[in-house]
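Q: Could you look at this predicted model? Sequence included:
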Amino acid sequence: MKRTMSAVLLVGLLLVFCSGCRASKWNDGTFSGTGTGYGGPIKAEVTISKGKISKVEAVEHAESPDIGGAAIEKISADVVKAQKAEVDSVSGATATSEGYIQGIKEALSKAEKK
């Protein structure tokens, strides 16, 4: 019983420590991409620091501040938290959400290590 428990703990510890051993899939820097939202083009900038998404922002857009702007803020925070562009669209601002996510994906594709 003790051996089994020790083996399970050892495997668990290895999984925990090795999960941080992955090589980053992105180069550090700031990368841009453009998608089409409700109000037209949305230019997204994604900053990668130490191989992680550290900042996402829309640097150019013509979306409404109340609806589109709120969606952009939420998606920016969600992408940084999730560390990927595959996040949910914001209800009521679907076109803005999809266009902004499209721009973020384009920026991340430019950041990918080849």
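A: Okay, I see it.

Q: which sections of this structure are below the confidence cut-off?
A: Applying pLDDT under 70 to the chain flags residues 1-22.

Q: the strands in it, which residues?
A: Under the criterion DSSP state E, the chain contains strands at 29-37, 40-49, 52-60.

Q: contacting residues around the first one?
A: Spelled out, it's strand 29-37. 41-48, 59, 61-63, 68, 95-96, 98-111 (C-beta atoms under 8 Å, 6 or more residues apart in numbering). No exception for glycine: its C-beta is placed from N, CA and C like everyone else's.

Q: Can you flag the buried ones in those?
A: The neighbour count (16 or more other C-beta atoms under 10 Å) marks 42-48, 61, 63, 68, 95-96, 98-108, 111 as buried among those.

Q: In helices, which of those appear?
A: 68, 95-96, 98-108, 111 (DSSP state H).

Q: of those residues, closest to Trp26?
A: Ala111 (4.3 Å; C-beta to C-beta).

Q: so the closest one sits right up against Ala44, yeah?
A: No. Taking contacts as C-beta atoms under 8 Å, Ala111 lies outside contact range of Ala44: 11.7 Å.
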